[in-house]
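Engineer: Need coordinates for the following:
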Amino acid sequence: MLLLPFQLLAVLFPGGDSEDAFQGPTSFRVIQISSFANSTWAHNQGSGWLDDLQIQGWNSDSGTAIFLKPWSKGNISDEEVAELEELFQVYFFLFTQEIQGYASEFQLEYPFQIQGIAGCELHAGGSIVSFLRGALGGLDFLSFENDTCVPAPEGGIRSRIFCALIMQYKIAIYIVKKLLVEICPRYLLSVLYSGKAELQRQVKPEAWLSSGPSPGPGRLLLVCHVSGFYPKPVWVRWMLGEQEQPGIQHSDLLPNADWTWYLRATLDVAAGEAAGLSCRVKHSSLEGQDIILHWGEKELGPRLDVGGGGPQAERQALGKDGARQMKEGEG
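Structural biologist: All right, here's what the predicted structure looks like:
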């Protein structure tokens, strides 16, 4: 067990300290959302995440963890899972009881919501940093640093008093430290290893072009859609030859149901300046063979140029909507 972390690090970082040696999630965090409707009703939600990928849920009725992937238990034994579930059951009960008991003293007006996030993050080279932060109604309230509760400026005097109160619970602080400093790093490494095949997979993106709502008279909104790619980092730009165009707007990266991602890049241009523009997509799965989609004349629809890919690569790059556009344009 003592050698396990070093063995897993050797697998996850085969290239040593290179940040490029490991591609995929590098942090595990547990998110708590506690809603208090009144002095007698409260509901606690819990979930576990690898970066932006949810791998665990919490059944508040049975007080048990829900593992969303076959590998999301890592190397945590069934006995340890049962112990952790019991610990969280007690935690949620006491947390709810304490908050309701001090609500009036802290001048908390019902309904209100408390959010918490705790976990650990793996850095290149093997160091693991733990963290814990709490928020009240979406505003930072407190954090833990070096076993000490640190009030957030946004929390005002309430967060300072709350931190002073928390520091009196020595056993609770010891348990939190053990979870964050001992259990979380071991679990993070083991789950990254157990799920390595899925977490480090490479899925090529599909891309297609469309026009959005007209920004104004004589103008076009060019839209480049990129979807179905994994891992998350992607580079999407509108280009004129090799010149990146200014004014590109990117949507948020949105998750698909299959753990892949979707992104949209738009460009507002004068109608007469659209010809010759192209959308370029870079992604690790493409291995340097960028996807390049050319915007052609309006009646012809967008054209496609994928380096040496042929018709099959064209269909993959365009996606269903783009392929339909190209077919209609050719017709």
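Engineer: Help me confirm that residue 279 comes into contact with residue 209.
Structural biologist: Yes: assessed by CB atoms under 8 Å, residue 279 is found in contact with residue 209 at 6.3 Å. Any C-beta I mention is one placed from the backbone N, CA and C, and that applies to glycine too.
Engineer: any residues in contact with both of the two?
Structural biologist: Shared contacts of residue 279 and residue 209, defined by CB atoms under 8 Å, 6 or more residues apart in numbering, comprise 222, 224, 293, 295.
Engineer: now the first one, what's its secondary structure?
Structural biologist: This means residue 222. Recorded secondary structure, residue 222: strand (DSSP: H, G, I helix; E, B strand; the rest coil).
Engineer: For it, give me its contacts.
Structural biologist: Per CB under 8 Å, 6+ apart, neighbours of residue 222: 209, 211, 212, 238, 266, 267, 268, 269, 274, 277, 279, 295.
Engineer: Now with 6 Å, please.
Structural biologist: residue 267 (CB atoms under 6 Å, 6 or more residues apart in numbering).
Engineer: Residues in a beta bridge with it, which ones?
Structural biologist: residue 211, residue 267 (DSSP bridges).
Engineer: And it, how far from residue 207?
Structural biologist: In this view, residue 222 and residue 207 are 13 Å apart by CB to CB, to the nearest Å.
Engineer: Also the third one?
Structural biologist: Noted for residue 293: a distance of 6 Å to residue 207, by CB to CB.
Engineer: and residue 71, what are its phi and psi?
Structural biologist: Main-chain dihedrals, residue 71, degrees, to the nearest 10: phi -100, psi 0.
Engineer: Equivalent analysis for residue 140, please.
Structural biologist: Main-chain dihedrals, residue 140, degrees, to the nearest 10: phi -50, psi 140.
Engineer: Tell me which residues touch the closest residue to residue 166 other than its chain neighbours, please.
Structural biologist: Once flanking residues are discounted, residue 166 sits nearest to residue 149: 4.9 Å by CB to CB, 6 or more residues apart in numbering. Neighbour list for residue 149: 142, 163, 166, 167 [criterion: CB under 6 Å, 6+ apart].
Engineer: The first one and residue 151 touch, don't they?
Structural biologist: Same thing as residue 142. Yes: using CB atoms under 6 Å, residue 142 is in contact with residue 151, at 5.4 Å.
Engineer: quick one: which of the two has more around it?
Structural biologist: residue 142 (22 against 19; other CB atoms under 10 Å).
Engineer: any idea which element that one lies in?
Structural biologist: Element membership for residue 142 (DSSP states H and E) is strand 139-145.
Engineer: buried set for that strand?
Structural biologist: Of all the residues in strand 139-145, those buried under the rule 16 or more other CB atoms under 10 Å are 140, 141, 142, 143, 144.
Engineer: now swap in stretch 56-72 and tell me
Structural biologist: Within stretch 56-72, the residues that count as buried by 16+ other CB under 10 Å are 56, 58, 64, 65, 67, 69, 71, 72.
Engineer: State whether the last one and residue 55 are indeed in contact, as I suppose.
Structural biologist: Yes: using CB under 6 Å, residue 72 makes contact with residue 55 at a distance of 3.9 Å.
Engineer: pLDDT weak spots in the stretch 201-331 of the chain?
Structural biologist: Within the stretch 201-331 of the chain, the stretches with pLDDT under 70 are 297-331.
Engineer: Tell me where it has helices.
Structural biologist: 310-330 (DSSP state H, counting those that start in this stretch).
Engineer: still on that earlier bit, among the shared contacts of residue 279 and residue 209, which pair sits farthest apart?
Structural biologist: Largest separation among these by CB to CB: 222 and 293, giving 10.1 Å.
Engineer: Determine the residues that are contacts of both of the two.
Structural biologist: Counting by CB under 6 Å, 6+ apart, residue 222 and residue 293 have no contacts in common.
Engineer: follow-up on the earlier one: out of the shared contacts of residue 279 and residue 209, the closest to residue 84 would be?
Structural biologist: When the shared contacts of residue 279 and residue 209 are compared against residue 84 (criterion: CB to CB), the nearest one is residue 224, at 44.8 Å.
Engineer: do you know how far the residue lying closest to residue 163 once chain neighbours are set aside is from residue 135?
Structural biologist: Once flanking residues are discounted, residue 163 sits nearest to residue 149: 3.7 Å by CB to CB, 6+ apart. Using CB to CB, one gets 14 Å for the distance from residue 149 to residue 135.
Engineer: Could you pull up the contacting residues of residue 264?
Structural biologist: Counted by CB under 6 Å, 6+ apart, residue 264 has contacts 225, 251.
Engineer: give me that answer again for 10 Å
Structural biologist: 210, 212, 223-227, 236, 249-254 (CB atoms under 10 Å, 6 or more residues apart in numbering).
Engineer: What of residue 174?
Structural biologist: With contact set as CB under 10 Å, 6+ apart, residue 174 has these partners: residue 147.
Engineer: Whatever helix or strand it lives in vs strand 139-145, what angle?
Structural biologist: Here residue 174 is covered by helix 170-177, with elements defined by DSSP H and E. Orientation of helix 170-177 against strand 139-145 (axes from the mean of the first three to the mean of the last three CA atoms, to 10 degrees) gives an angle of 90 degrees.
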